[in-house]
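Q: Predicted model and sequence below, questions to follow.
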Amino acid sequence: MSPAAGKKQRPQTGPRDSSGRWADTALLCGAFLGLGMGIAVLGPTFKELAVNVNRNLSDISYIFAGRSLGYLGGSLVGGLLFDHTDHHLLIGISTLMTALGLYAIPWCTKIPLLMALISLIGLSMGILDTGGNLLILTTWGEQVGPYMQALHFSFALGAFLTPILAKPLLGGLQKAVGAVWAEAGGNRSETGAWSSVREAALSLSPFVWTYLIIATFVLLVSVSFLVIYLRSRPDRGGPGPSSPESPFARHHSVLMCLLSLFFFCYVGAEVAYGAYIFTFAKDFAGMDDNQAAGLNSLFWGTFAAVRGLAIFFAACLYPGTMILLSVVGCMVASLALVLYQADRTVLWLGTGLYGASMATTFPSGVTWVKQYTATTGRGAALFVFGAALGEMVVPATVGFLQGPERDGGHPVLMLTALAASIATAVLFPVMYKLATASASRPARARGEDQTALLGAREDEDGDGDGEEEGDGEWNDADFEVIEMSDVRDEAGKPTAVGKAKGQPSPERPPIPPIAYLGGSPKKKLLLLEREKND
């Protein structure tokens, strides 16, 4: 029995048939679309939130820190829960919490309650982020590359669409609907119920409608996950953190910690650049508001577009190759932005290249580490925690240091991007070295005869130091000769040499293990036959 067969493996969660996997993937993409929208909605509606609680913008700016802290806690709690609870159930509950929080935010008029809701949403989003990455890994296994890219493209698409939905789209749509309903009401008599519904709908601002639409979408995703859990519950024995074919690497803990640090640098630089490139373009490059906004849109637009293209790239490129291309692209772009910060052409080209290069790093990193070690709930929680911590710490540090009065006019944003690029360029080769050095080699298929013969030599060596040397001497041709040749005893009856250790032939004492004699077993077998003939 193989060593793997002796270990009790937890049953896998999720349907194994093709339709079930596609359903899980579609729902996860929907959940991450809602996740991106829920994270991005605070920016465009920040002013309305301040008006709701009757405070200044500076007084409620710490709600972002509250969400980040909730996200950190959710990633850790989610990692622990996903190792012991059904994935669909937890994702359904986390998206339900997100939807209820989004429903309540527009009606919140007390700042402590607003802070609590934002933190609760951050907690549920952290659970969803950890669980979504883990579920897509367990659903597709070694084929996860394109689907992981699709998952994170959905997140980027949601973050890209939310500012458009929150301001110009819903504002214009509400005016158009109001004009149509006013014309319809003037041409026919209305019942009291219809008139009340129309007035209530028109009285809601685009700010409220934005939250209601996003919350309703997330609620539908949540209900879908819960329905899948309830319908397939009898067939589920429990969660499984990874496929049985994924062993733990020898340096598993170190590898996951380094990946968490890698994501800390990457996500921190990504969020900081997206948050402060508008200010940098105005203060350092002398752009007006429209040009600075266009530069900001270029960064997120190339980011989302390349994530979409990465779905197809992942089908023909290894995850490690995609990470390497991303690291090189970020290094070239950040270096050019530091050296030629005042050149507008370089600023536009460098920003586009930087956004495109950063697009595939996170999903490719998650897919890459799956090739070398098992990804459990705790492991997923660790790298999501690192990403969330970088999202909170790096932009806050850049915001504190940025400004001519503090840094003497140095481009802190571009220097931060360069430092993060250097850090990731150093960390990835180290991680690759650890992963490839500790990756377990597939065991050579052996029959019972090979196991018995090798077992004798391993018993002699004791500590296993001669295992590699033994593998070099005992090749497949040797075993083939042993299995095909018979050694005859004094009575002329054939006796198989390849008998398992500890199971001697009942007709004669066992032949001493050939491995003790040293050299190739084929030569020793011929020597034994020659002695008997003599």
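A: Looks like it came in fine. Keep in mind that what you see is a predicted model, and the values were worked out from it rather than measured.

Q: From now on I want contacts and neighbour counts done on CA atoms only, so please keep to that.
A: OK.

Q: List the buried residues in the lengthiest helix in the chain.
A: The helix that spans the most residues within the chain, counting by DSSP state H, is helix 252-283. The neighbour-count criterion (16 or more other CA atoms under 10 Å) identifies 252, 255-270, 272-283 as the buried residues of helix 252-283.

Q: One more: stretch 147-161?
A: 147-160.

Q: Please apply the same query to stretch 77-89.
A: Going through stretch 77-89 with 16+ other CA under 10 Å, the ones that come out buried are 77-83, 86-89.

Q: Packing partners of the longest helix of the chain?
A: If you count contacts as 3 or more CA pairs under 8 Å, 6 or more residues apart in numbering; DSSP states H and E, helix 252-283 packs onto helix 289-313, helix 361-370, helix 377-401, helix 412-438.

Q: what helices or strands is the longest one leaning on?
A: Pointing back at helix 412-438 there. Counting by 3+ CA pairs under 8 Å, 6+ apart, the elements that helix 412-438 packs against turn out to be helix 252-283, helix 319-339, helix 377-401.

Q: Any chance of the ones you listed in JSON lines with mean pLDDT as columns?
A: Output for these, formatted as JSON lines (pLDDT from 0 to 100):
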{"stretch": "helix 252-283", "mean pLDDT": "87"}
{"stretch": "helix 319-339", "mean pLDDT": "93"}
{"stretch": "helix 377-401", "mean pLDDT": "84"}
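
Q: So which residues make contact with stretch 72-81?
A: Outside stretch 72-81, the residues within contact range by CA atoms under 8 Å, 6 or more residues apart in numbering are 122-131, 376-382, 384-385, 388-389.

Q: what ranges of the stretch 151-300 of the chain fall below the confidence cut-off?
A: Within the stretch 151-300 of the chain, the stretches falling below the threshold (pLDDT under 70) are 167-203, 233-249.

Q: try it again with 50
A: Along the stretch 151-300 of the chain, the parts satisfying pLDDT under 50 run over 187, 236-245.

Q: OK, contacts around Lys110?
A: Contact partners of Lys110, counting by CA under 8 Å, 6+ apart, are Val53.

Q: quick one, strands of this structure?
A: For the chain, the strands defined by DSSP state E occupy 487-488, 494-495.

Q: which stretch among the helices and strands packed on helix 412-438 comes nearest Val223?
A: Relative to Val223, the nearest member of these by CA to CA is helix 377-401, separated by 23.0 Å.

Q: And for the residue lying closest to Thr162 once chain neighbours are set aside, the neighbour number?
A: Take Thr162 and drop its neighbours on the chain: the residue closest to it by CA to CA, 6 or more residues apart in numbering is Met37, 5.5 Å away. The local packing count at Met37 equals 27, with neighbours defined by other CA atoms under 10 Å.

Q: ditto for the one 5 residues further on
A: Applying other CA under 10 Å, we find 19 residues neighbouring Leu42.

Q: which ones are touching it?
A: Applying CA under 8 Å, 6+ apart, one finds that Leu42 lies in contact with no residue.

Q: With Cys265 instead?
A: Contacts for Cys265 (CA under 8 Å, 6+ apart) come out as 387, 390, 420-421, 423-424.

Q: if we go to 7 Å?
A: For Cys265, the contacting residues are 390, 420, 424, by CA atoms under 7 Å, 6 or more residues apart in numbering.

Q: and of these, the nearest to Ala292?
A: Of all these, the one with the least separation from Ala292 (CA to CA) is Ala420, at 23.1 Å.

Q: Can you give me the distance of the residue nearest to the closest one when sequence neighbours are not counted to Gly386?
A: Taking CA to CA, 6+ apart, and ignoring the residues beside it in sequence, Ala420 has Cys265 as its nearest neighbour in space, at 5.3 Å. Relative to Gly386, Cys265 is positioned 9 Å away (criterion: CA to CA, to the nearest Å).

Q: before we move on, what about His152?
A: For His152, the distance to Gly386 (CA to CA) stands at 17 Å.

Q: cool, Leu349 as well?
A: Look at Leu349 and Gly386: by CA to CA, they are 29 Å apart.

Q: quick one: which of the two has more around it?
A: Neighbours were counted for Leu349 and for Gly386 using other CA under 10 Å; Gly386 has more, 25 against 16.

Q: Confirm for me that that one is in contact with Phe262.
A: No. Counting by CA atoms under 7 Å, Gly386 sits too far from Phe262 to count as a contact (8.0 Å).

Q: returning to that earlier point: format the helices and strands packed on helix 252-283 as CSV; extra columns: distance to Leu72.
A: Rendered in CSV, the data for those read as follows (distance: least, CA to CA, whole Å):
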stretch, distance to Leu72
helix 289-313, 24
helix 361-370, 17
helix 377-401, 6
helix 412-438, 21
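
Q: returning to what we had before: and the residue nearest to Thr162, what is it in contact with?
A: With contacts defined as CA under 7 Å, 6+ apart, Met37 is in contact with 158-159, 162.

Q: So which of those residues belong to helices?
A: Reading helices off the contacts of Met37 with DSSP H, I get 158-159, 162.

Q: Ser232: which of those residues is nearest?
A: Distance to Ser232 across the ones in helices among the contacts of Met37 (CA to CA) is lowest for Gly158, with 29.4 Å.

Q: For the closest one, give me its contacts.
A: Applying CA under 7 Å, 6+ apart to Gly158 gives the contacts 33-34, 36-37.

Q: ok, the closest residue to Met148 other than its chain neighbours - how many residues close by?
A: Closest residue to Met148 apart from its sequence neighbours, by CA to CA, 6+ apart: Pro363 at 5.8 Å. Residues within reach of Pro363, counting by other CA under 10 Å, total 25.

Q: how close does Pro363 get to Leu204?
A: When distance is defined by CA to CA, Pro363 is 38 Å away from Leu204.

Q: sorry, back to before: which pair in the buried residues of stretch 77-89 spans the largest distance?
A: Pairwise over the buried residues of stretch 77-89, using CA to CA, the maximum falls at Val77 and His88, 15.8 Å.

Q: Ends of stretch 133-151, what's the gap?
A: Taking CA to CA, the first and last residues of stretch 133-151 lie 8 Å apart.

Q: Give the buried residues for it.
A: In terms of neighbour count (16+ other CA under 10 Å), stretch 133-151 has its buried residues at 133-141, 144-151.

Q: now swap in stretch 19-32 and tell me
A: Across stretch 19-32, burial judged by 16+ other CA under 10 Å covers 21, 24-25, 27-32.

Q: what mean pLDDT does that stretch have?
A: In this model, stretch 19-32 has a mean pLDDT of 89.

Q: Could you do stretch 125-132 as well?
A: Per-region confidence: stretch 125-132 scores 89 on mean pLDDT.

Q: List the contacts of that stretch.
A: When contacts are defined by CA under 7 Å, 6+ apart, stretch 125-132 is touched by residues 28, 35, 71-72, 74-75, 78-79, 82, 87, 91, 94, 98, 380-381, 384.

Q: Which ones among those map onto helices?
A: Checked against DSSP H, the contacts of stretch 125-132 include these in helices: 28, 35, 71-72, 74-75, 78-79, 82, 87, 91, 94, 98, 380-381, 384.
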